[in-house]
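Trainee: I would like to see how this sequence folds:
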Amino acid sequence: MSIIIYLFCVLLIVLTLGNLRNFRIKNPQENCFSILIACRNEEKNLQKLFDSLKEIEYPSEKFEIIIVDDASTDRSFEMIDKFSKELPNITALRVLMKDEIYKGKKAALKMATEHAKHDFFLFSDADCIVPPKWLQNLNKFISPKIGAVIGYYIVISQNSFTRFLKFINAGSFSATTGLGFPVSAAGSNLLIRKKTFQEVKGYESIKHEQSGDDKLMINLIKKTNWKIAYNNLEPVKTWQVSDIKTRSAQYKRQYGKFQMFPISYKIVSVFVFIFYMYFPISVLVDKRFINFYLYFGFALLYWISILLKHKQKFHLFDLFYVLYYPYFLTYYAITGMFFGWKWK
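Mentor: Predicted coordinates for the structure are as follows:
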């Protein structure tokens, strides 16, 4: 068991090193962006999105906003259409019926990409608030070889565990991207070069998947010669769902996508799962607490590297969450895989 723990600690060290990589370029250019957003039944959240989009600090002629209503049954399209008349660089589109071929929100996003005119597609969600310097910061990561830039998001008024979840996810994006094999991304803060998107033929090969417009897209881009960077400067914001049942469904959808990962990640995941199931038993039975201290120390090192990367402070509860999180993740990964989840 000690050998397994040592190997696992090596894995944590490698992830820590990945987190410390800096992707910024020295002389950023002022690129042109198409902000693409799919919306379904978000009338309660849209005004906050609109207000943040109007606050973007960037030359209006160098970016456009395309919002596609994805067959909403509330007042979403009415609000989007009204918003599109406020500024000349905003376009409102509408999907009348949910598509049976392009599942999830891919039909709406596909429509948005077909109308986009700029060189970089910037994806977000209708229940988000984007930062004013969003485009300025993204320029700092775009070089001629970059095909995509992965960003992260946080939750407004988040409790301490929700904060931990969002930054541990961001840390995994950052670490794996830093090591050269990104495994996932946040669809609410994802930049893809138009040429790169066209090279992988958009959503054509993943259209049948209920989700994956972010994770599966990154895996497609990873197979090309384009490089992928990670943007740690400023997140997109969303808000906590108060209903526990809805929040649980979100966790199942987020963590229960094992089949979407590449085979190498699946192998590592199975190894990690076995480790976490056996680890507490081995410590209690063998009473070799040095193994626990060793693992806990390196897990904290990995967490601290995430905090440093995103300029966050350490909280006392983080000591507990570092131990609790693997079992939280395992529970929702298993329930998401075997009991399923629904896309709204």
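Trainee: what are the phi and psi values for residue 42?
Mentor: Note on residue 42: its backbone torsions stand at phi -120, psi 30 [degrees, to the nearest 10].
Trainee: okay but it is in contact with residue 126, surely?
Mentor: Yes - Residue 42 lies in contact with residue 126 (Cβ atoms under 8 Å); the separation is 4.1 Å. (Each C-beta comes from the backbone N, C-alpha and C, glycine too.)
Trainee: joint contacts of those two?
Mentor: 49, 76 (Cβ atoms under 8 Å, 6 or more residues apart in numbering).
Trainee: got the contact list for stretch 151-164?
Mentor: 128-129, 138, 166-167, 169-170, 173-174, 185-186, 188-191, 230-232, 235-240, 310, 315, 317-318, 321, 325.
Trainee: residues in contact with residue 292?
Mentor: With contact taken as Cβ under 8 Å, 6+ apart, residue 292 is in contact with residue 283.
Trainee: hang on, it is in a helix, isn't it?
Mentor: Yes - per DSSP: H, G, I helix; E, B strand; the rest coil, residue 292 lies within a helix segment.
Trainee: Please report how far the spatially most central residue of the chain lies from residue 152.
Mentor: Most central in the chain under Cα atoms, centre = their mean is residue 186, positioned 1.5 Å from the mean C-alpha point. Taking Cβ to Cβ, to the nearest Å as the measure, residue 186 falls 6 Å from residue 152.
Trainee: now residue 59
Mentor: 26 Å.
Trainee: pLDDT on stretch 165-185, on average?
Mentor: Per-residue pLDDT over stretch 165-185 has a mean of 93.
Trainee: Any chance you could give me it in PDB, C-alpha atoms only?
Mentor: Output of stretch 165-185 as PDB, limited to C-alpha atoms (Å, rounded to 0.1, in the frame of the first residue of the first chain):
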ATOM      1  CA  LEU A 165     -15.700  22.800  -5.700                       C
ATOM      2  CA  LYS A 166     -15.300  25.500  -8.300                       C
ATOM      3  CA  PHE A 167     -11.700  26.100  -7.600                       C
ATOM      4  CA  ILE A 168     -10.800  22.400  -7.400                       C
ATOM      5  CA  ASN A 169     -12.400  22.100 -10.900                       C
ATOM      6  CA  ALA A 170     -10.500  25.100 -12.100                       C
ATOM      7  CA  GLY A 171      -7.400  23.600 -10.700                       C
ATOM      8  CA  SER A 172      -7.900  20.400 -12.700                       C
ATOM      9  CA  PHE A 173      -8.500  22.500 -15.900                       C
ATOM     10  CA  SER A 174      -5.300  24.400 -15.200                       C
ATOM     11  CA  ALA A 175      -3.100  21.500 -14.100                       C
ATOM     12  CA  THR A 176      -4.000  19.200 -17.000                       C
ATOM     13  CA  THR A 177      -3.700  22.000 -19.500                       C
ATOM     14  CA  GLY A 178      -0.300  23.000 -18.100                       C
ATOM     15  CA  LEU A 179       0.800  19.400 -18.500                       C
ATOM     16  CA  GLY A 180      -0.300  19.400 -22.100                       C
ATOM     17  CA  PHE A 181      -3.300  17.100 -22.000                       C
ATOM     18  CA  PRO A 182      -6.400  19.100 -20.900                       C
ATOM     19  CA  VAL A 183      -9.300  16.800 -20.100                       C
ATOM     20  CA  SER A 184     -12.200  19.200 -19.600                       C
ATOM     21  CA  ALA A 185     -13.400  22.900 -19.800                       C
END
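Trainee: Many thanks, I have nothing further to ask.
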